[in-house]
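**Q** Okay, predicted coordinates and the sequence, questions at the end:
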Amino acid sequence: MSFDYDLFVIGGGSGGVRAARIASSQHGARVGIAEESRMGGTCVIRGCVPKKLMIFASTAPAAAAEARGYGWAEATAGRFDWPAFRDKLHDELSRLEGLYEGGLTAAGVDIHHARATLVDHHTVELSTGERFTAKHILIAVGGRPSLPGIPGEELGMISDDLFTMETLPRRVLVVGGGFIACEFATILNGLGSDTTLCYRGDRLLRGFDEECRALVTHQLEDIGVTMRLNANPARLDRDGDAIRVTYEDGSAETHDAVMFATGRHPYTAGLGLENTGVKLGRKGEIVVDRWSQTAVPSIFAVGDVTDRVNLTPVAIREGHSFADTVFGAQPRCVDHDLVASAVYVRPHELGTIGLTEEAAAAQGPIEVYAASFRPMRSLFAGSEARAMMKLVVCADTRRVLGCHLFVPEAGEMIQLVAVAMGMGATKEQFDAAMAVHPTLAEELVTMRTPVRRAGGAVV
Ligand SMILES: Cc1cc2nc3c(=O)[nH]c(=O)nc-3n(C[C@H](O)[C@H](O)[C@H](O)COP(=O)(O)OP(=O)(O)OC[C@H]3O[C@@H](n4cnc5c(N)ncnc54)[C@H](O)[C@@H]3O)c2cc1C
Ligand SMILES: NC(=O)c1ccc[n+]([C@@H]2O[C@H](COP(=O)([O-])OP(=O)(O)OC[C@H]3O[C@@H](n4cnc5c(N)ncnc54)[C@H](O)[C@@H]3O)[C@@H](O)[C@H]2O)c1
């Protein structure tokens, strides 16, 4: 049977673009890609990139405060011009979008600006009415924000909306306690909005190392975010130009804007999957094997739509591995076990890789090496903010099982720890590295005595 394409990719985000480019340019496949919105997907247009630029923008007042602590008596961040920043941000996103489109075109990929749905195991239909057949189809449609399902929730914003606001809200409520809630509360606070974060649990960032969760929760409070823990909105109502938020406990408050950061779900609705034998999991995610292959041999899926590890570099690696495996005769599958990530909060970031102390202790005997201190730089400037570095070590094999950093630029630091841990480094190999002095990172190779032992027989 002959097909229009060797590969048709649905979704021009992190995973889809990489797979299309590699399959075409490196393995000679005839590739088409459909994108219903803007090329680059969540990361480039509505996620990592604009978020990180807004994090940078939001650090100016803290940088000015630090400068005052170093003798720059008049230092001030001045007035923040949101429309000017926002317009510049969107120029940059358009530039990146153009680079993504250009990269695909240069790789020989046919770009279709349309929504695609599945007709059968080898056929897609575009919103333009065109149909294409392909030997293989890759679903890389990503995820969408989930709303809590409360009355009046349509009055609230999602993370996409933050990048296009007309004006900055004077008072804003962020709902949720995950990556997005923490990062956007940091941003809004830094840009000058009176920010409240409400979370239904008692500590933010469920699933992270418990000590780090406590530190992030306190830190957000310390930078001036009003924290409402064990609180959940029950309804939103319009109150003039503002929004009245009524909580489940009956209390109420008024904000100019409410942002929901209550998780994301795989974007599988309306994709025509019922026309195929592709299986979905409990959250609507596409079920794939370790080769990213669905229950239908000709259909593969990568990225957030598979709800494995929902991060850009993971989606990219999955897309690349798929292309190498199916079109390059170089079978590769992605190891999801040791993935580093960072939460971009202020003044310290959280960088993490491997097992939390709690998870490691549940598996066997461990030693915990940790240092908690006030970093020289911020301490001198008059800040009381504490940093923390933790290595979780297997007592038997001596391998470092987890590393959790709550320090400035932790995202940069955890990347390098990921190299060592990926090579199976032991605590003694960390110790053998000569320290770079004076740095924060030197703590990673100078923690000599465990602060506690846990797991196994000790517990
Ligand atoms: C606010 C925010 C901040 C984030 N920050 C980070 C971060 O700092 N670091 C990090 O690693 N990750 C971050 N992420 C997560 C990261 O963005 C995602 O993991 C990543 O983008 C997933 O890539 P993907 O290819 O699976 O999907 P996406 O990038 O979502 O791409 C899917 C694409 O498919 C298109 N599409 C969907 N359905 C169809 C269809 N039927 N036809 C045609 N096109 C379709 C969509 O328009 C979209 O462009 C963040 C996410 C958000 C929301
Ligand atoms: N720095 C980064 O790498 C980064 C940044 C942003 C997003 N991401 C990725 O995007 C994913 C999505 O982020 P997220 O923050 O939306 O999701 P999340 O799963 O991290 O957090 C969702 C939060 O919403 C809360 N919640 C869920 N349903 C609720 C309800 N009905 N009422 C009240 N609260 C509710 C949860 O308790 C949780 O705290 C992350 O898991 C991550 O993979 C990564």
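**A** Thanks, I have the structure now. Ligands and ions are numbered 1, 2, ... in the order given.
**Q** so who does whichever residue of the stretch 51-200 of the chain sits closest to ligand 2 touch?
**A** Closest residue of the stretch 51-200 of the chain to ligand 2, CB to the nearest ligand atom: residue 178 (2.0 Å). Every C-beta, even on glycine, is put in place using the N, C-alpha and C of the backbone. Listed by CB atoms under 8 Å, 6 or more residues apart in numbering, the contact partners of residue 178 are 204-206, 261, 263.
**Q** go with 6 Å
**A** For residue 178, the contact set (CB atoms under 6 Å, 6 or more residues apart in numbering) is empty.
**Q** Please report the distance of it from residue 133.
**A** 40 Å (CB to CB, to the nearest Å).
**Q** And for residue 65?
**A** 61 Å.
**Q** again with residue 59
**A** 51 Å.
**Q** Regarding the residue of the stretch 51-200 of the chain closest to ligand 2, what are the backbone dihedral angles?
**A** Note on residue 178: its backbone torsions stand at phi -100, psi -160 [degrees, to the nearest 10].
**Q** Let me see the contact set for whichever residue of the stretch 101-250 of the chain sits closest to ligand 1.
**A** Across the stretch 101-250 of the chain, the shortest distance to ligand 1 (CB to the nearest ligand atom) belongs to residue 142, at 2.2 Å. Residues in contact with residue 142 (CB under 6 Å, 6+ apart) are 13, 41-42, 267, 303-305.
**Q** Spatially nearest residue to it, not counting backbone neighbours?
**A** residue 304 (4.6 Å; CB to CB, 6 or more residues apart in numbering).
**Q** same check, this time on residue 372
**A** residue 388 (4.8 Å).
**Q** The one you found belongs to a helix, doesn't it?
**A** No. Read with DSSP: H, G, I helix; E, B strand; the rest coil, residue 388 is strand and lies in no helix.
**Q** what about it, distance to residue 356?
**A** Distance from residue 388 to residue 356, by CB to CB: 13 Å.
**Q** Residue 86 too?
**A** 37 Å.
**Q** swap in residue 251?
**A** Residue 251 is 33 Å from residue 356, by CB to CB.
**Q** the helices in the stretch 351-459 of the chain, which residues?
**A** 357-363, 376-380, 410-422, 427-432 (DSSP state H, counting those that start in this stretch).
**Q** Actually, the chain.
**A** Taking DSSP state H as the criterion, the chain carries its helices at 14-25, 41, 48-58, 60-69, 82-106, 159-162, 179-191, 210-222, 312-327, 357-363, 376-380, 410-422, 427-432.
**Q** As JSON lines, those with mean pLDDT and distance to ligand 1 would be great.
**A** Listed next are the helices of the chain as JSON lines, based on pLDDT from 0 to 100; distance: least, CB to the nearest ligand atom, whole Å:
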{"stretch": "helix 14-25", "mean pLDDT": "98", "distance to ligand 1": "3"}
{"stretch": "helix 41", "mean pLDDT": "98", "distance to ligand 1": "3"}
{"stretch": "helix 48-58", "mean pLDDT": "98", "distance to ligand 1": "4"}
{"stretch": "helix 60-69", "mean pLDDT": "97", "distance to ligand 1": "19"}
{"stretch": "helix 82-106", "mean pLDDT": "98", "distance to ligand 1": "10"}
{"stretch": "helix 159-162", "mean pLDDT": "98", "distance to ligand 1": "4"}
{"stretch": "helix 179-191", "mean pLDDT": "98", "distance to ligand 1": "5"}
{"stretch": "helix 210-222", "mean pLDDT": "96", "distance to ligand 1": "15"}
{"stretch": "helix 312-327", "mean pLDDT": "98", "distance to ligand 1": "4"}
{"stretch": "helix 357-363", "mean pLDDT": "97", "distance to ligand 1": "21"}
{"stretch": "helix 376-380", "mean pLDDT": "97", "distance to ligand 1": "23"}
{"stretch": "helix 410-422", "mean pLDDT": "98", "distance to ligand 1": "8"}
{"stretch": "helix 427-432", "mean pLDDT": "98", "distance to ligand 1": "25"}
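**Q** the more surrounded of residue 251 and residue 356?
**A** residue 356 (21 against 11; other CB atoms under 10 Å).
**Q** Test for you: state the pLDDT assigned to the residue lying closest to that one once chain neighbours are set aside.
**A** Using CB to CB, 6+ apart and skipping the chain neighbours, the partner closest in space to residue 356 is residue 209 (4.1 Å). What the model reports for residue 209 is a pLDDT of 97.
**Q** sorry, back to before: count of residues packed around the residue nearest to residue 142?
**A** 31.
**Q** ok, residue 44 touching residue 94?
**A** No. Using CB atoms under 6 Å, residue 44 is not in contact with residue 94; the gap is 10.3 Å.
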